[in-house]
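Peer 1: predicted model and sequence below, questions to follow.
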Amino acid sequence: MRSKLFVPGSRPELFAKALASAADAICIDLEDAVSEPRKDEARETVRQFLVRGDAATAASTKTLIVRINAMDTPHFERDVTAVAQAGVHLINLPKPQSAAHVRTAIEAIERAERANGVQASIGLLLNIETPAALRMASELALAHPRVAGLQLGLGDLFEPLGIARREPAAIQQAMFAVRIAAGEAGLYAYDSAFADIRDAEGFRAEAQLARNLGFLGKTCIHPSQIAMANDVFRPTDEEIAHACKVVEATRVADADGVGAYVVDGKMIDGPFVVRARAIVQSARSLGLLPR
């Protein structure tokens with residue numbers, strides 16, 4: 001999921017275009033992208049789209065996510081009931097307040113799945129976009145097995161506190177904290193949106209920082225950002241070649257009972273093998289290596 005494209009839930013004319021894009025995932029948004037007077041209309045529009053089966057068809061090639069409204073809004077329960085449908089991989093929950101709230105949200109999703117006849121469990125992507133959520137990010141990540149990942153929301157986190165959205169030190173610290181919290185739970189971390197659509201260089205630089213800190217991919221708010229995200233979060237040819245060497249050397253070393261060995265002049269042991277296997281798996285999933 002190198003790239004995830006946001007699509008307003010009130011803009012059904014964009015759904016097909018998003019599905020046809022090069023984004024690895026699309027996220028239909030019922031929260032910030034939909035004005036309060038149009039919440040009910042957007043919810044029903046998205047429900048109809050999901051029930052029609054378009055989502056299930058897309059599920060074979062893209063990760064399908066729906067961002068619902070927060071639990072402290074009057075829309076939460078109705079959103080969950082509407083969007084917990086076949087074909088949806090993840091529900092994106094904004095502003096989780098505690099581990100208990102996460103478990104309550106999952107109970108609501110489970111009720112909706114039963115009511116809608118959904119067979120495959122829908123995961124939860126949690127937004128880390130408040131000071132409290134950042135402080136308790138590891139607790140949120142560990143709240144329930146259905147939590148699939150943590151997604152950083154820098155705009156919501158920084159703007160109310162007067163922190164400059166483009167301040168490198170603040171961005172790096174927030175990214176690092178979220179990645180470590182997700183890592184404790186064995187989950188992925190996903191990067192924030194970048195609002196300045198015209199600043200391709202800024203988008204790429206922030207995406208590269210996220211990749212260097214172990215993030216899975218980056219949110220896109222415009223189709224022009226998709227190719228950059230896909231390129232940044234793609235393993236490089238050099239990384240793939242080195243990882244293949246490590247995996248092969250590991251096979252030989254395991255057969256010979258050797259615990260540590262050298263590949264391309266670098267000492268290799270357990271942690272490096274884990275990373276190499278992840279790169280090979282990613283390369284295969286992207287069609288860069290034979291399966």
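Peer 2: Looks like it came in fine.

Peer 1: where does residue 287 land on pLDDT?
Peer 2: At residue 287 the predicted local distance difference test score is 89.

Peer 1: return the distance of it relative to residue 224.
Peer 2: Residue 287 sits 23 Å away from residue 224, going by C-beta to C-beta, to the nearest Å. The C-beta positions use only the backbone N, C-alpha and C, and glycine is treated the same way.

Peer 1: more neighbours: which of those two?
Peer 2: In terms of neighbours (other C-beta atoms under 10 Å), residue 224 is the more surrounded of residue 287 and residue 224; the figures are 12 against 8.

Peer 1: that one is in contact with residue 198, isn't it?
Peer 2: No - using C-beta atoms under 8 Å as the test, residue 224 is too far from residue 198 to be in contact (9.2 Å).

Peer 1: most centrally placed residue in this protein?
Peer 2: If you average the C-alpha coordinates of the chain and look for the closest C-alpha using C-alpha atoms, centre = their mean, you land on residue 190, 4.4 Å from that point.

Peer 1: need the nearest residue in space to that residue, chain neighbours excluded.
Peer 2: Of all residues not flanking residue 190 in the chain, residue 151 sits nearest, at 4.3 Å (C-beta to C-beta, 6 or more residues apart in numbering).

Peer 1: let me know the secondary structure of that neighbour.
Peer 2: Per DSSP: H, G, I helix; E, B strand; the rest coil, the secondary structure class of residue 151 is strand.

Peer 1: which helices and strands does whatever helix or strand the residue nearest to the centre of the chain lives in pack with?
Peer 2: Taking DSSP states H and E as the definition, one finds residue 190 inside strand 188-190. Based on contacts counted as 3 or more C-beta pairs under 8 Å, 6 or more residues apart in numbering; DSSP states H and E, the elements that strand 188-190 packs against are strand 147-152, helix 168-184.

Peer 1: can you pull out the helices in the stretch 1-150 of the chain?
Peer 2: 15-20, 39-52, 54-58, 76-83, 99-116, 131-135, 137-141 (DSSP state H, counting those that start in this stretch).

Peer 1: winner for burial among those helices?
Peer 2: When these are scored by mean count of other C-beta atoms under 10 Å, the highest mean neighbour count falls to helix 137-141 (a mean of 23).

Peer 1: so where's the stretch 1-150 of the chain shaky on pLDDT?
Peer 2: The stretch 1-150 of the chain contains residues with pLDDT under 70 at 54-60.

Peer 1: what's the domain layout of this protein?
Peer 2: In the domain annotation for the chain, the residue ranges read 3-232, 237-285 (automatic domain parsing).

Peer 1: give me the distance between the two termini of the last one.
Peer 2: So that's domain 237-285. Its start and end residues considered, domain 237-285 measures 15 Å (C-alpha to C-alpha, to the nearest Å).

Peer 1: quick one: it to chain centroid distance?
Peer 2: Here the centre of mass of C-alpha atoms in domain 237-285, compared against the chain's by C-alpha atoms, centre = their mean, to the nearest Å, lies 26 Å away.

Peer 1: ok, back up a step: distance to residue 280 added to the helices of the stretch 1-150 of the chain, as a markdown table?
Peer 2: A markdown table is the format used below for the helices of the stretch 1-150 of the chain (distance: least, C-beta to C-beta, whole Å):
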| stretch | distance to residue 280 |
| --- | --- |
| helix 15-20 | 29 |
| helix 39-52 | 34 |
| helix 54-58 | 27 |
| helix 76-83 | 35 |
| helix 99-116 | 33 |
| helix 131-135 | 33 |
| helix 137-141 | 26 |
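
Peer 1: out of those, which comes closest to residue 266?
Peer 2: Minimum separation from residue 266 across those (C-beta to C-beta) falls at helix 137-141, 30.8 Å.

Peer 1: same for that closest one, what does it pack against?
Peer 2: With contacts taken as 3+ C-beta pairs under 8 Å, 6+ apart, helix 137-141 sits against helix 99-116, strand 123-128, strand 147-152, helix 168-184.

Peer 1: if you set the cut-off to 7 Å instead, what comes out?
Peer 2: For helix 137-141, the packing partners by 3 or more C-beta pairs under 7 Å, 6 or more residues apart in numbering; DSSP states H and E come out as helix 99-116, strand 147-152, helix 168-184.

Peer 1: centre of the chain to the second one, how far?
Peer 2: Once both centres are worked out by C-alpha atoms, centre = their mean, strand 147-152 turns out to sit 6 Å from its chain's centre.
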